[in-house]
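# sequence-free structure coming up:
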């Protein structure tokens, strides 16, 4: 596929003004406790994104809350992101368990060794954990947060088209909510050992985009990322197409707390109550996008 | 064939491919054919910088310029101005 086929509008129009975020408490362990209408907003955003992926025909996965060391090892996570994974269980009689740093690792582990008869889209959500340096006082950089993901497996062109399709849908959804933001090429890596070479390959091949939004005092946040992994995970987990051709993977990840913070910051003056109707209408429209 | 194109063909064939039997010409898609990995791109940039006598900034490292040896030559070769 020619990369020019993947171009799209890179920004959308601003919505309301920025207001202070209220109704949130940042827990000392790096998690947010939403209350009241902010909590309702959080739940509805998550529900709309879930309904949206279901309507698009993605297969649901309900996954464990922790992931074993051997899965992250096989995915090369510790080589790429030393010290970032959060240990979940210190029981010496049990295998090392971590909070998943991204939801999609569960999918690669589950499909390991399989031969796919056709392309697959899988939907899942879980609490993810990362050791983030600014976690203690920064609501935009949490140590534990909810990630909803769509994972795509299939031929490389199909995966790239699915990624781009969902990037367009997400931008449209944000626009319907009246949110301002922009799509940007991401400079951090989703997989593989970080460094200039990895970053330049990512830049050349347009492997990772982020949707960034202003979230008031939380700053500009990446509320979603749109990733192509090429054969990185499928090679490591021995996943291929049944006809013998190689399989690629990609994913779209939504940070639910960050979406909520951006909505509260940008649209707060309209009140989260007003947002409920907007979200439900946008979610309904999303079925047809 | 320009001098830069010739040099790039030689570098990719002998260094990046290191003798692998791959059809290569000035219009071969270097990235979609999987010839250049994260280490390879750094070596390619270092070679190109030596050839053209100036540093290449990260923002110039995009598919438009690096897709093929011909596009690199068109962007960075002296015949084409090599503007930043």
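Here it is on my side, so go on. Note that the structure is predicted; figures quoted are calculated from it, not measured. Numbers count the residues shown, from 1 in each chain, chains lettered A, B, ... in the order given.
# with adjacent residues omitted, what lies nearest to whichever residue of the stretch 51-200 of chain A sits closest to chain B?
Taking C-beta to the nearest C-beta, chain B has its nearest neighbour within the stretch 51-200 of chain A at residue A:197, 3.5 Å off. Quick note: C-beta positions are derived from backbone N, CA and C, even for glycine. Nearest residue to residue A:197, sequence neighbours excluded (C-beta to C-beta, 6 or more residues apart in numbering or on different chains): residue B:38, at 3.5 Å.
# does that neighbour touch residue A:204 like I think?
No: between residue B:38 and residue A:204 there is no contact under C-beta atoms under 8 Å: 10.3 Å.
# what's the spacing between the closest residue to residue B:30 other than its chain neighbours and residue A:205?
Once flanking residues are discounted, residue B:30 sits nearest to residue B:36: 5.1 Å by C-beta to C-beta, 6+ apart. For residue B:36, the distance to residue A:205 (C-beta to C-beta, to the nearest Å) stands at 10 Å.
# neighbour count for the two, which is higher?
Using other C-beta atoms under 10 Å in any protein chain shown as the criterion, residue B:36 and residue A:205 rank with residue B:36 on top: 22 against 18.
# contacting residues for that one?
A:201, B:16, B:30, B:44 (C-beta atoms under 8 Å, 6 or more residues apart in numbering or on different chains).
# around chain B, pick out the residues from the stretch 151-289 of chain A.
Contact residues (C-beta under 8 Å from any C-beta of the partner chain) of the stretch 151-289 of chain A with chain B: A:192-193, A:195-201, A:203-206.
# quick one, which of those residues are buried?
The neighbour-count criterion (16 or more other C-beta atoms under 10 Å in any protein chain shown) marks A:192, A:197, A:198, A:199, A:200, A:201, A:203, A:204, A:205, A:206 among these as buried.
# can you list the low-confidence ranges for the chain?
As the question left the chain open, I've gone with chain A. A:1-23, A:133-138, A:190, A:192-193, A:269-289 (pLDDT under 70).
# chain B was what I was after
Scanning chain B for pLDDT under 70 picks out the ranges B:1, B:79-84.
# in it, what residue lies closest to chain A?
For chain B, C-beta to the nearest C-beta, closest residue to chain A: residue B:38, 3.5 Å.
# what's the neighbour count on that residue?
When counting by other C-beta under 10 Å, one arrives at 18 neighbours for residue B:38.
# in a markdown table: the contacts of residue B:36, plus distance to residue A:97 and secondary structure.
Below are the contacts of residue B:36 laid out as a markdown table (distance: C-beta to C-beta, whole Å; DSSP: H, G, I helix; E, B strand; the rest coil):
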| residue | distance to residue A:97 | secondary structure |
| --- | --- | --- |
| A:201 | 32 | helix |
| B:16 | 41 | helix |
| B:30 | 42 | coil |
| B:44 | 42 | helix |
